[in-house]
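# I'll drop the sequence and a predicted model, then ask my questions.
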Amino acid sequence: MSVISTHNDSGFFSCCSVKLFNIVNYINNNNNIPTYVDSSQSFEWYKQPDGKDVTYEYFEHYDNLKNITIYNSINYHHEHQYIDYLKLDYSNIIPLVKKYFSPAKGIINIINNIEQKYSLIYDNICVLFYRGNDKITETDLCKYDEYLVYANLILNTNPNILFLIQSDETEFIEFMIKQFPNNSFYFKDEIRHVKKCVSTVDKLMKNTNHEFAKYYLAITIIMSKCKYIICGSGNCSIWIMLYRGNNNNVYQNLNRKWLTQILIYFEEINKMLKSKNINIIGSFHVGAHECEELTFYNKLGLKNDDMIWLEARPKKVSEAQNRGIPNVYNAVITEKDDEEIIFNIANNDKSSSVLKFGSKYPFKLVSRIRFKSITIDTFFERNNIDASKYNFWNFSVEGAELMALKGSTKSIKYAKAICLKVNKEELYKNGALITEIDTFLYKYNFKRVLTYMTPDGCGDALYTCV
């Protein structure tokens, strides 16, 4: 009989993360699931005075659930609470979540009661989740008003949306209620929150931990079912993702950096394309990074073979190819062919660029790599790719968008819609501002139809052919 024991004297979802990691570690080493998982020495903060194991007050016993088969090594660590949730190994982790962390019947009853009490309609709810207080000792937390950029983005697309406010920090709840007085709510009777401090509700209100942890598990599962989620990073947030099974429609802040790729939301882009009678037949993406927009293009009706991806860093190209993503090319796009250029790598690698960083640039230079440049027109020609098959263009090349466009004077005629990262201020030296891009694209009959900017003066713009 194979037995693993987990020991963790910390927060509820910290205990869950460590338990999951121990299970994953056993499976990866033994290529099989353990016979017995003992977590009686975990969840110490949530036990009754008698000290008895409470695991199965929260979770259904794994013996009562369907067995799972392990086919691949599983990529998970309990410190993954502080990574981009797009990178989670969902396909291999989710079967374990269902096996070992499915809610007990008592938790399901709480979920049902909350759903009825608050008349929840998941498809019409956006979660505003902020884990504050002592979390500041582990990671940088963003300001409350940064949530408003994404909340208002969603509200503009979905005027009837309701905001579910969830936090352990009283000031956040009060701030968001003030911002959305007529279209927000929170679970008044089911949560605990305190004024901002360097502690936790579990430590300050420990006599009610056993009861309120049940509510919190139920609320975490409820949050996972909502259409949109705006959240920070930590054990609570990652478990929202694990119960959700993906990070679709999620805006995640990690160390004060928002990880979402496209600010303009899919529904609004899709609505605009339909209003212009534009039928998307293929996508051409410059600045692929980790191909985060793949599901976005799938929603536009494209198959993976209908997409072309260009990425400067060979490592990112290999990673995408290893994930089975087709048509991923290593290329550095500028307005000139075969010019030796220096590619500047930032400590936030999404923000790396062929341009030097400006004085207002928020990240640090960590290295430089030399590459040969290529224009978009030449890329299509040298790779024998029919540019007419790709009429949705999307560039995320960190200030060099206009440079890329200037090298597409032959192939741009096939584009019907162009989505670009844009700037109102010079974050990159000699980087084009949004007005310069407007002027250039106007010459090719493109007009800016959607724009969303962050408080930092950068954002996304959609242009369509008029």
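Received it, and whenever you're ready, just let me know what you need.

# Could you use CA atoms for every contact and neighbour count after this?
Fine.

# mind checking how far the one helix or strand N394 maps to is from the chain centre?
In the assignment (DSSP states H and E), N394 maps to strand 392-395. Distance, stretch centre to chain centre, for strand 392-395: 20 Å (CA atoms, centre = their mean, to the nearest Å).

# Could you do stretch 246-258 as well?
Distance, centroid of stretch 246-258 to centroid of chain: 4 Å (CA atoms, centre = their mean).

# what's the domain layout of the protein?
1-260, 266-465 (automatic domain parsing).

# Mean pLDDT and mean neighbour count for these - can I get that in JSON lines?
JSON lines is the format used below for those (pLDDT from 0 to 100; neighbours: other CA atoms under 10 Å):
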{"stretch": "domain 1-260", "mean pLDDT": "93", "mean neighbour count": "18"}
{"stretch": "domain 266-465", "mean pLDDT": "89", "mean neighbour count": "18"}
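
# Outside of the helix or strand that the strand holding N394 is followed by itself, list whatever touches it.
Sequence order places helix 401-406 as the next helix or strand after strand 392-395, per DSSP H and E. Residues outside helix 401-406 that contact it (CA atoms under 8 Å, 6 or more residues apart in numbering) are 333-335, 375-376, 395, 412, 420-422, 432, 436-437, 440.

# Looking at those, spot the one nearest E268.
E268 lies nearest to L420 out of those, by CA to CA, at 15.2 Å.

# can I assume that closest one is in contact with S396?
Yes - using CA atoms under 8 Å, L420 is in contact with S396, at 6.3 Å.

# Now do the helix or strand hosting C126: which elements does it pack against?
For C126, the element it lies in under DSSP H and E is strand 125-130. Counting by 3 or more CA pairs under 8 Å, 6 or more residues apart in numbering; DSSP states H and E, the packing neighbours recorded for strand 125-130 are strand 162-167, strand 228-231.

# how about those strands in TSV, adding distance to L259?
TSV is the format used below for those (distance: least, CA to CA, whole Å):
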stretch	distance to L259
strand 162-167	20
strand 228-231	11
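
# V149 is nearest to which of those?
Closest of the helices and strands packed on strand 125-130 to V149 is strand 228-231, at 10.3 Å (criterion: CA to CA).

# Specify the stretch among the helices and strands packed on strand 125-130 that is closest to T454.
strand 228-231 (14.8 Å).

# Residues in contact with that closest one: which ones?
Strand 228-231 has contacts (CA under 8 Å, 6+ apart) with 125-130, 147, 150-151, 223, 237, 249-253.

# Closest to F284 out of those?
Distances from F284 to the contacts of strand 228-231, taken by CA to CA, are shortest for N249, at 22.1 Å.

# can you map out the strands along the stretch 301-450 of the chain?
307-311, 328-330, 332-333, 340-346, 365-374, 392-395, 417-423, 446-453 (DSSP state E, counting those that start in this stretch).

# Would you reformat these as a markdown table and include distance to D134?
A markdown table is the format used below for those (distance: least, CA to CA, whole Å):
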| stretch | distance to D134 |
| --- | --- |
| strand 307-311 | 39 |
| strand 328-330 | 42 |
| strand 332-333 | 43 |
| strand 340-346 | 29 |
| strand 365-374 | 30 |
| strand 392-395 | 39 |
| strand 417-423 | 35 |
| strand 446-453 | 31 |
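
# between those strands, which gets nearest to K47?
strand 340-346 (46.0 Å).

# Check which helices and strands that closest one sits against.
Contacting strand 340-346 under the criterion 3+ CA pairs under 8 Å, 6+ apart are the following elements: strand 365-374.

# next one: the strand it packs on to chain centre, how far?
With CA atoms, centre = their mean, you get 27 Å for strand 365-374.

# could you say which helix or strand contains Y243?
Here Y243 is assigned to helix 235-244, by DSSP H and E.

# which other helices and strands contact that helix?
Helix 235-244 packs on helix 12-30, helix 90-100, helix 209-225, going by 3+ CA pairs under 8 Å, 6+ apart.

# If we use 10 Å, what do you get?
Applying 3 or more CA pairs under 10 Å, 6 or more residues apart in numbering; DSSP states H and E, we find helix 235-244 packed against helix 12-30, helix 90-100, strand 125-130, helix 209-225, strand 228-231.

# and those as TSV, adding distance to Y118?
Output for those, formatted as TSV (distance: least, CA to CA, whole Å):
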stretch	distance to Y118
helix 12-30	25
helix 90-100	26
strand 125-130	12
helix 209-225	12
strand 228-231	18
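
# I'd like to know which of these is closest to D306.
Per CA to CA, nearest to D306 of these: helix 90-100, 23.5 Å.

# Can you name the residues in contact with the closest one?
The contact list for helix 90-100 (CA atoms under 10 Å, 6 or more residues apart in numbering) reads 16, 19-20, 23-24, 33, 37, 59-76, 101-102, 239, 241-247.

# immediately after that helix, which helix or strand?
By DSSP H and E, the next helix or strand past helix 90-100 is helix 105-117.

# quick check: angle from that next one to helix 209-225?
60 degrees (axes from the mean of the first three to the mean of the last three CA atoms, to 10 degrees).

# Numbering from 16 from now on, please.
Happy to do that; since the first residue is 16 now, the last one works out to helix 120-132.

# for helix 120-132, packing partners?
Packing partners of helix 120-132 (3+ CA pairs under 10 Å, 6+ apart): helix 70-73, helix 224-240.

# what is the orientation angle of the longest one with helix 27-45?
Using the same axes, to 10 degrees, the interaxial angle of helix 224-240 with respect to helix 27-45 works out to 70 degrees.

# Which elements pack onto helix 224-240?
helix 27-45, helix 70-73, helix 120-132, strand 140-145, strand 177-182, helix 216-219, helix 250-259.

# Could you do the first one as well?
In terms of contacts (3+ CA pairs under 10 Å, 6+ apart), helix 70-73 is packed against strand 51-57, helix 120-132, helix 224-240.

# Mind putting the ones you listed into CSV with distance to E282?
Putting these into CSV (distance: least, CA to CA, whole Å) gives the following:
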stretch, distance to E282
strand 51-57, 43
helix 120-132, 26
helix 224-240, 19
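
# Nearest to H300, out of these?
Minimum separation from H300 across these (CA to CA) falls at helix 224-240, 29.9 Å.

# element containing E189?
With DSSP H and E as the criterion, E189 is inside helix 185-194.

# Export only the CA atoms of that helix, formatted as CSV.
What follows is helix 185-194, C-alpha atoms only, in CSV (Å, rounded to 0.1, in the frame of the first residue of the first chain):
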residue,chain,number,x,y,z
THR,A,185,-12.6,46.0,4.1
GLU,A,186,-11.3,49.1,2.3
PHE,A,187,-11.4,47.2,-1.1
ILE,A,188,-15.0,46.2,-0.6
GLU,A,189,-16.0,49.7,0.3
PHE,A,190,-14.0,51.2,-2.6
MET,A,191,-15.7,48.9,-5.2
ILE,A,192,-19.2,49.3,-3.8
LYS,A,193,-18.7,53.1,-4.2
GLN,A,194,-17.5,52.6,-7.8
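
# how much does that helix deviate in direction from strand 140-145?
With the same axes, to 10 degrees as the basis, helix 185-194 and strand 140-145 are set at 140 degrees to each other.

# Tell me the helix or strand right after helix 185-194.
strand 199-200.

# which secondary structure elements does that following strand contact?
Where contact means 3+ CA pairs under 10 Å, 6+ apart, strand 199-200 is packed against strand 140-145, strand 177-182, helix 185-194.
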